[in-house]
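Need the 3D shape of this:
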Amino acid sequence: MKKRSTGRTGSAADSRLGAATPLRGVLNRVFPDHWSFLLGEIALYSFVVLAVTGTVLALLFDPSTEDVVYDGSYRPLQGTHMSAAYASTLDISFDVRGGLLMRQMHHWAALLFIAAVIVHLLRVFFTGAFRRPRRLKWTVGLLVFWTGLVAGYTGYMMLDDGMSGTGMQILQGILLSIPVAGTWLASSVFGGEFPGDVIIGRMYLLHVLLLPGLLVALILVQIWLRLRQKPVQWRDPRRRSGAVEGERMFPRYATKQAGLFMFVFAVIALLGGMVQVNPVWLYGPARAADVSALSQPAWYVMFLDGAVRLMPPWELTLPIGDGYAVPPIFWAAVVLPGLLFAVPMAYPFIEARVRRDHREHHLLDRPRDAATRTALGAMAVTFYLVLTVAGAGDAIALTFNISTNALTWAGRIGLLLLPPLAYRITHRVCLGLQQHDRQVLAHGVETGIIRRLPNGGFTEIHQPLAAPDPGGRTELRYAGRAVPKKMNHLGALAPAARGFLRPVEGPADLRPGSEADAA
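Numbering: from 1, shown residues only. Next up is the predicted model:
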């Protein structure tokens, strides 16, 4: 009787409040099961590890520029004057149990988070998942990337070691290059003359509170949009645009996501425990007079460093008063990031206007089927890679004994020639892959069986994908879907047994008189 009364009470409450309806909808939601959709989840789980380790480090870090004399466990720096921020970083690394592990896990989680976000955005771009009705998701994803980039930069800067001191000087130069307001901005950010005594505290506030809060808000918006909108999926001959095929949220999909989170955590923990990253004790405290020849930013910021290195010494003088000079660093470090921020934001609207396509899209494009978009993406990636390599110019020159001036000119020439070349090659490759798919649809799949003709020539037998006409061609329309290229894709051969490094093909079950031979 008690169970019945409890069940009736719960049913009555749910009928009035509707509390179980949203949860039931989430648990019954179907998610497509494909590896490319896991990139966003990897970024999310990396951010979880990032937040947990960052909370631990925030309780131990001292964001102060007060001058102290180091008296910790790291003997090479004992008795050295340094800021309290750098001293606390050394204490976390050497005197706090598990502190170095937390630092390195935090750093590796940040690197993996940015990498996963970038690869996820590339997947969204190349497959056309940014089209209506998912333009807002694309915008939020780009904001997550730029917010994460700034968060990583502030975390890198606030340690006050030799590397971050060099980065502080670069930041001051970028602020001073802004016309009219540059001097005021630099003085406001640093609290007076460089380096000031407030910049570490401000970086700490941004890195620990404001930027993580903004990231959490953006990620929650992404999750809400994903639950609100219909999932996208790959094209399939048996799949309609309105239907979603995959696995329900509970229990299979949730179990897989829990396993993926454990795997991401294990990889980050393994990297943090076994692979050294950012050894700040080797760089010493930040001093304006000390700059290392191999000072490099994080890999995701290196493209801006490369842009500054490749920018020619062109100074623009504005006719204001006696003449106002705009230094070259302004175009590379302020204008270029602004363009890289604005153009991807506007691209979904530009493509929709150019193609006159304002429909809703729930099926993904294969990159080969959108040749122009794929070529533009390849050109952008090539542009980014050239700038990234240029950012490591001094390390390359010192390692391989190459002239830095020669590397700079090589980077400038490559920045002008390689992106258009990448566009041309990618566009032609996409068109060639489309043509190959159409050829298979017209003539069938190669069987590997060679037949000798009465005139002495040889020809290969093809397995048609549909009933052929008298000329041997099939009237199959190319629909932008994957086309089978091997006989085992059609079921005529046994599936390939997977070996350790490459598939091991089983014996062919194709004899004279079989379906392919008769065709």
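
Would you map the strands across the stretch 351-500 of the chain?
Taking DSSP state E, counting those that start in this stretch as the criterion, the stretch 351-500 of the chain carries its strands at 363-364, 445-452, 458-463, 497-498.

and these as JSON lines, adding mean pLDDT and mean neighbour count?
No exception for glycine: its C-beta is placed from N, CA and C like everyone else's. Shown next, in JSON lines, are those (pLDDT from 0 to 100; neighbours: other C-beta atoms under 10 Å):
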{"stretch": "strand 363-364", "mean pLDDT": "86", "mean neighbour count": "20"}
{"stretch": "strand 445-452", "mean pLDDT": "82", "mean neighbour count": "15"}
{"stretch": "strand 458-463", "mean pLDDT": "80", "mean neighbour count": "14"}
{"stretch": "strand 497-498", "mean pLDDT": "62", "mean neighbour count": "9"}
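
Can you say which of those strands is nearest to residue 337?
strand 363-364 (29.5 Å; C-beta to C-beta).

counting contacts, what elements does that closest one pack onto?
strand 233-234 (3 or more C-beta pairs under 8 Å, 6 or more residues apart in numbering; DSSP states H and E).

Which residues are in contact with the closest residue to residue 402 other than its chain neighbours?
Distance criterion C-beta to C-beta, 6 or more residues apart in numbering; nearest residue to residue 402, sequence neighbours excluded, is residue 396 at 6.5 Å. Contact partners of residue 396, counting by C-beta atoms under 8 Å, 6 or more residues apart in numbering, are 389, 402, 407.

Around the residue nearest to residue 278 when sequence neighbours are not counted, how many other residues sit close by?
Closest residue to residue 278 apart from its sequence neighbours, by C-beta to C-beta, 6+ apart: residue 107 at 5.4 Å. Neighbourhood size, residue 107 [other C-beta atoms under 10 Å]: 22.

close enough to count as contact, residue 107 and residue 275?
No - taking C-beta atoms under 8 Å as the definition, residue 107 is not a contact partner of residue 275, at 10.0 Å.

about what we covered before: could you pull up phi and psi at the residue nearest to residue 278?
When read as degrees, to the nearest 10, the backbone of residue 107 gives phi -70, psi -50.

Show the contacting residues for it.
Counted by C-beta under 8 Å, 6+ apart, residue 107 has contacts 272, 277, 278.

Need the nearest residue in space to residue 136, chain neighbours excluded.
Looking at residue 136 with C-beta to C-beta, 6+ apart, the closest residue is residue 225, at 6.3 Å.

how about the helix or strand harbouring that neighbour: buried residues?
Per DSSP states H and E, residue 225 falls inside helix 211-228. For helix 211-228, the neighbour count (16 or more other C-beta atoms under 10 Å) marks 211, 212, 214, 215, 218, 219, 221, 222, 226 as buried.

Can you tell me which residue is spatially central in this structure?
residue 118 (1.3 Å; C-alpha atoms, centre = their mean).

ranges for the strands of the stretch 201-350 of the chain?
Using DSSP E, counting those that start in this stretch, strands in the stretch 201-350 of the chain cover 233-234, 247-248, 316-318, 324-326.

which one of these has the most crowded surroundings?
Greatest average neighbour count among the strands of the stretch 201-350 of the chain goes to strand 233-234 (a mean of 19), per mean count of other C-beta atoms under 10 Å.

Can you list the strands that that one pairs with?
Strand pairing for strand 233-234, using DSSP bridges, gives strand 363-364 (parallel).

Surely residue 146 touches residue 340?
No - using C-beta under 8 Å, residue 146 is not in contact with residue 340; the gap is 9.1 Å.

who has more neighbours, the two?
Neighbour tally, residue 146 and residue 340, criterion other C-beta under 10 Å: the higher count belongs to residue 340, 18 against 15.

Dihedrals phi and psi, residue 295?
According to degrees, to the nearest 10, residue 295 has phi -70, psi 120.

Could you list the low-pLDDT ranges of the protein?
By pLDDT under 70, the weakly predicted segments of the chain are 1-26, 237-243, 292-293, 321, 471-473, 480, 488-519.

So residue 65 versus residue 380, what's the distance?
From residue 65 across to residue 380, the span is 40 Å (C-beta to C-beta, to the nearest Å).

cool, and residue 169?
30 Å.

neighbour-wise, which of those two wins?
residue 380 (19 against 15).

Other residues contacting the one helix or strand residue 144 maps to?
Secondary structure from DSSP H and E places residue 144 in helix 135-157. The contact list for helix 135-157 (C-beta under 8 Å, 6+ apart) reads 43, 110, 113-114, 117-118, 120-121, 124, 129-130, 163-164, 167-168, 171, 199, 203, 206-207, 211-212, 214-215, 218-219, 221-222, 225-226, 229, 297-298, 300-301, 341, 344-345, 348-349.

which is the next helix or strand following it?
Next element after helix 135-157 (DSSP H and E): helix 162-177.

Which elements pack onto that following helix?
Helix 162-177 packs on helix 135-157, helix 182-190, helix 329-330, going by 3+ C-beta pairs under 8 Å, 6+ apart.

Give me the contacts around the shortest one.
Helix 329-330 has contacts (C-beta under 8 Å, 6+ apart) with 173, 174, 177, 178, 179, 308, 311.

and the last one, how many neighbours does it have?
The criterion is other C-beta under 10 Å. On that basis, residue 311 has 18 neighbouring residues.

how long is stretch 78-85 end to end?
15 Å (C-alpha to C-alpha, to the nearest Å).

Go ahead and measure how far it is from the middle of the chain.
37 Å (C-alpha atoms, centre = their mean, to the nearest Å).

buried set for that stretch?
80, 82, 83, 84, 85.

wait, doesn't residue 163 sit right on residue 283?
Yes - counting by C-beta under 8 Å, residue 283 is a contact partner of residue 163 at 5.1 Å.

hang on, the earlier thing: wait, which of the helices and strands packed on helix 162-177 is closest to residue 432?
That would be helix 135-157 among these, by C-beta to C-beta, at 28.7 Å.

And the closest one, what's buried?
For helix 135-157, by 16+ other C-beta under 10 Å, it's 137-145, 147-157.

does residue 232 really touch residue 363, like I thought?
Yes - between residue 232 and residue 363 there is a contact at 7.0 Å, judged by C-beta under 8 Å.

overlap in contacts of these two?
Between them, residue 232 and residue 363 share no contacting residue, judged by C-beta under 8 Å, 6+ apart.

out of the contacts of residue 107, which is most surrounded?
residue 272 (22 neighbours).

thought that residue was touching residue 108?
Yes - Residue 272 lies in contact with residue 108 (C-beta under 8 Å); the separation is 5.4 Å.

Quickly list what the nearest residue to residue 244 once chain neighbours are set aside is bridged to.
Spatial nearest neighbour of residue 244, excluding adjacent residues (C-beta to C-beta, 6+ apart): residue 30 at 4.8 Å. Residue 30 forms beta bridges with residue 248, as assigned by DSSP bridges.

for the chain, longest helix please?
Secondary structure of the chain per DSSP state H: the longest helix is helix 404-443.
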